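> Give me the fold of what follows.
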Amino acid sequence: MTGRRYTVGQQVLDRDRQAHGRIVGCYPSPLVLRLMDEAGFQWIARTVACEPAGRQPAVQDAGGDRGGVRIPPGRVPVDVPPTELRVGDHVIAGGRLVTITDLRYRHGGTRTVILSTGRLAVADRVMRVYRSRTS
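Now for the predicted structure:
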């Protein structure tokens, strides 16, 4: 059985907390790491529940370019951190506008987003959402 080796400064996803973090400390036990998110919140994580954060998140940020996606009337683009996401916000995922139906696991500066398509995503940075003008 081969295990992963982690180093200080490496970005990982803690599956137990559903949060991304940077390793700030490795303990003598090979099973424990100290992680810190972008907001400065630190926690202890098990190495068996961590994986290197090298893949793309499921929610694609529009990045200022609508990319041919039709935005419904009355909706405006707003850039928000994960802690300010709301149920009912729309995000661009898979080339179309999808509604956020549920938010879970608020640990540190991240949220787990459940979309109307049934897909899950971890919101770990400021992202563009489309809200109604009255919200």
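> C-alpha from now on. contacts and neighbour counts both.
Will do.
> dump the residue contacts of V113.
100-104, 120-123 (CA atoms under 8 Å, 6 or more residues apart in numbering).
> could you pull out the helices for the protein?
In the chain, no helices are defined using DSSP state H.
> can you list the domains in it?
11-52, 75-132 (automatic domain parsing).
> so can I have a markdown table of those showing mean pLDDT?
Formatted as a markdown table, the entries for those read as follows, by pLDDT from 0 to 100:
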| stretch | mean pLDDT |
| --- | --- |
| domain 11-52 | 86 |
| domain 75-132 | 86 |
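> could you dump the ones you listed to CSV with distance to R5?
As requested, those are exported to CSV (distance: least, CA to CA, whole Å):
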stretch, distance to R5
domain 11-52, 9
domain 75-132, 23
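> Leaving out sequence neighbours, find the closest residue to D14.
C50 (4.6 Å; CA to CA, 6 or more residues apart in numbering).
> Let me know which of the domains of the chain is the nearest to V69.
Across the domains of the chain, V69 has its closest neighbour in domain 75-132 (5.8 Å, CA to CA).
> Any idea how far apart the tips of that closest one sit?
By CA to CA, to the nearest Å, the extent of domain 75-132 from end to end equals 4 Å.
> now that domain: how far from the chain's centre is it?
9 Å (CA atoms, centre = their mean, to the nearest Å).
> filter the contacts of V113 to the buried ones?
The neighbour count (16 or more other CA atoms under 10 Å) marks 100-101, 103, 120-123 as buried among those.
> Looking at these, which are in strands?
100-101, 103, 120-123 (DSSP state E).
> rewinding a little: show me which of the buried ones among the contacts of V113 is closest to L31.
Looking across the buried ones among the contacts of V113 and measuring by CA to CA, the closest to L31 is V122, at 23.8 Å.
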